[in-house]
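Participant: Quick one, what's the 3D model for this:
(chains A and B)
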Amino acid sequence: NAGVTQTPKFRVLKTGQSMTLLCAQDMNHEYMYWYRQDPGMGLRLIHYSVGEGTTAKGEVPDGYNVSRLKKQNFLLGLESAAPSQTSVYFCASDGAFGQETQYFGPGTRLLVL
Amino acid sequence: RKEVEQDPGPFNVPEGATVAFNCTYSNSASQSFFWYRQDCRKEPKLLMSVYSSGNEDGRFTAQLNRASQYISLLIRDSKLSDSATYLCVVDYGQNFVFGPGTRLSVLP
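Facilitator: Numbering: from 1, shown residues only, chains lettered A, B, ... in the order given. Below is the predicted model of the structure:
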C-alpha cells in the first residue's frame, strides 16, 4: 500500500514550457486535491475533485488545469509555466470531506526560470 | 481578516518544556478542525483532530472555542522529535484552509 505518490519529485522548467504533474492514490479515495505551498503562506488549494470525472476550482486555479479520468489519478497541468509558479506542489486525498484525514503525497518541487 | 491565522513563531524551547500554539479562524460555520505536523521538506501529516469537548492524545491536547473561533494545541514535556511546523486546518465548506504554520524547535 503506497498511499499517495507523486511524480516527478523535482523539475526545472523555463518560462513558457508546459508540464504535467501526476498524483496517484491506492486507497480508493473519492476526493483528491492539489495544493501549492509557498514560504509563509501555508498550503493553498489549486483544484480539487470529488470523484472520477469531476474537477472544481480552489483558491488559486489560474494558470493550472486538472483532469481526473481515473479514480486513482489526479493530474495537474501547467500549460505555460511562469516564475510565479515556482513552488512545492502537494497532492492529497481523502475518503469523505471533512470527516477523514487528508493523506498527502511527498510533494513535487518545481522551479520555473 | 485572514481565514486562518496562527502564532508566527518560531518557538524555541528546551526539552521538557510545555508549549502552546494558537490558531484563529474567520468562518463561524466551520465544523471540522485539525492540527497537522509538517517536518522540514516533507508532506503534512495529521497530528490530531480537534473536537468541541477538547481532546488529548498522550502529551498533546487540543481545544476548540467556537464562540471565540479559536483553536489551541498544547504540547507537554517537549521532545527533540517534536521539532516541526504545526499547521492549523479548518474546513470552509467546500474545502480545507490551512494556516501558515508555527515552527517549533525543541533544543537539547
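Participant: For the rest of this, base every contact and every neighbour count on C-alpha atoms.
Facilitator: Fine.
Participant: Mind jotting down where the strands sit in the chain?
Facilitator: Just going to use chain A. Listed in chain order, the strands found in chain A under DSSP state E are A:4-7, A:10-13, A:19-25, A:31-38, A:42-49, A:56-57, A:64-67, A:73-78, A:87-94, A:103-104, A:108-112.
Participant: ah, I was thinking of chain B
Facilitator: Under DSSP E, chain B gives strands at B:4-6, B:11-14, B:19-25, B:33-38, B:44-49, B:55-57, B:60-65, B:70-75, B:84-91, B:96-98, B:102-107.
Participant: Most tightly packed of those strands?
Facilitator: Ranked by average neighbour count under the criterion mean count of other C-alpha atoms under 10 Å in any protein chain shown, those are headed by strand B:84-91 at a mean of 24.
Participant: Given it, what are its sheet partners and their directions?
Facilitator: According to DSSP bridges, strand B:84-91 forms sheet pairs with strand B:33-38 (antiparallel), strand B:96-98 (antiparallel), strand B:102-107 (antiparallel).
Participant: ok, of the strands of chain B, where does mean pLDDT dip lowest?
Facilitator: For those, the weakest mean pLDDT is recorded on strand B:96-98, namely a mean of 89.
Participant: rewinding a little: reformat the strands of chain B as TSV; add distance to A:Leu43.
Facilitator: As requested, the strands of chain B are exported to TSV (distance: least, C-alpha to C-alpha, whole Å):
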stretch	distance to A:Leu43
strand B:4-6	11
strand B:11-14	20
strand B:19-25	15
strand B:33-38	11
strand B:44-49	10
strand B:55-57	25
strand B:60-65	21
strand B:70-75	18
strand B:84-91	9
strand B:96-98	6
strand B:102-107	13
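Participant: wait, which of those strands is closest to A:Phe104?
Facilitator: A:Phe104 lies closest, by C-alpha to C-alpha, to one member of these: strand B:44-49, at 6.5 Å.
Participant: neighbours around A:Lys71, how many?
Facilitator: 20 (other C-alpha atoms under 10 Å in any protein chain shown).
Participant: residues touching it, list them.
Facilitator: A:28-30, A:51-53 (C-alpha atoms under 8 Å, 6 or more residues apart in numbering or on different chains).
Participant: switch the cut-off to 10 Å
Facilitator: Applying C-alpha atoms under 10 Å, 6 or more residues apart in numbering or on different chains, we find A:Lys71 in contact with A:24-26, A:28-32, A:49-54.
Participant: Around chain B, which positions in chain A sit nearby?
Facilitator: Along chain A, the residues adjacent to chain B under the rule C-alpha under 10 Å from any C-alpha of the partner chain are A:33, A:37-45, A:47-48, A:50, A:56, A:58-59, A:88-92, A:97-107, A:109.
Participant: could the strands paired with strand B:84-91 go into CSV alongside distance to B:Val13?
Facilitator: Formatted as CSV, the strands paired with strand B:84-91 follow (distance: least, C-alpha to C-alpha, whole Å):
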stretch, distance to B:Val13
strand B:33-38, 17
strand B:96-98, 24
strand B:102-107, 5
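Participant: so which of these gets nearest B:Ser68?
Facilitator: Going by C-alpha to C-alpha, the one of the strands paired with strand B:84-91 nearest B:Ser68 is strand B:33-38, 14.2 Å.
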